[in-house]
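> can you look at this prediction? I've put the sequence above it.
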Amino acid sequence: MSEIGELAEFACRSGDTWFVAVLNGPSARTIQIPLSFLGRGEYQALMIRDRKDDPASVQIENAIIRGRDSLSIELNSGGGFIARFSRN
């Protein structure tokens, strides 16, 4: 769901590893990203998110996820999100 000047979302795959990037426009928002594109099995997720309390810094998070999961991503104005999902 990309919107010119508002939101850009990208996903690409290399082997069993997926990369997702989101670039946000001028308005803060929360988006949902279903992870069904990952398929079956568990993935190690490395995610870098905006910090709500400090727009100049990021939060780094590691998690185990599955394709049936969904991510809720809070984006600051002008912020973004990037993740790498590697099959376990």
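Received the coordinates, thanks. Everything numeric in this text was worked out from a predicted model, so none of it was measured. Numbering: from 1, shown residues only.
> C-alpha from now on. contacts and neighbour counts both.
OK.
> okay, now the unreliable bits of the chain?
Residue ranges of the chain with pLDDT under 70: 1-4.
> in it, which spans are strands?
7-14, 17-24, 29-34, 42-50, 58-66, 70-75, 80-87 (DSSP state E).
> tell me which strands the second one pairs with, and in which orientation.
To tie it back to what came earlier, the one meant is strand 17-24. strand 7-14 (antiparallel), strand 80-87 (antiparallel) (DSSP bridges).
> how about the fourth one?
Using DSSP bridges, the strands paired with strand 42-50 in its sheet are strand 58-66 (antiparallel), strand 80-87 (antiparallel).
> do the same with the third one
Based on DSSP bridges, the pairing partners of strand 29-34 within the sheet are strand 70-75 (antiparallel).
> chain center to the strand it pairs with, what's the gap?
Computed by Cα atoms, centre = their mean, to the nearest Å, the chain-centroid distance of strand 70-75 equals 7 Å.
> what does that strand contact?
Residues from elsewhere that reach strand 70-75 (Cα atoms under 8 Å, 6 or more residues apart in numbering): 24, 28, 29, 30, 31, 32, 33, 34, 35, 49, 50, 81.
> out of those residues, which are buried?
Burial by neighbour count, judged by 16 or more other Cα atoms under 10 Å, picks out 24, 49, 50, 81 from the contacts of strand 70-75.
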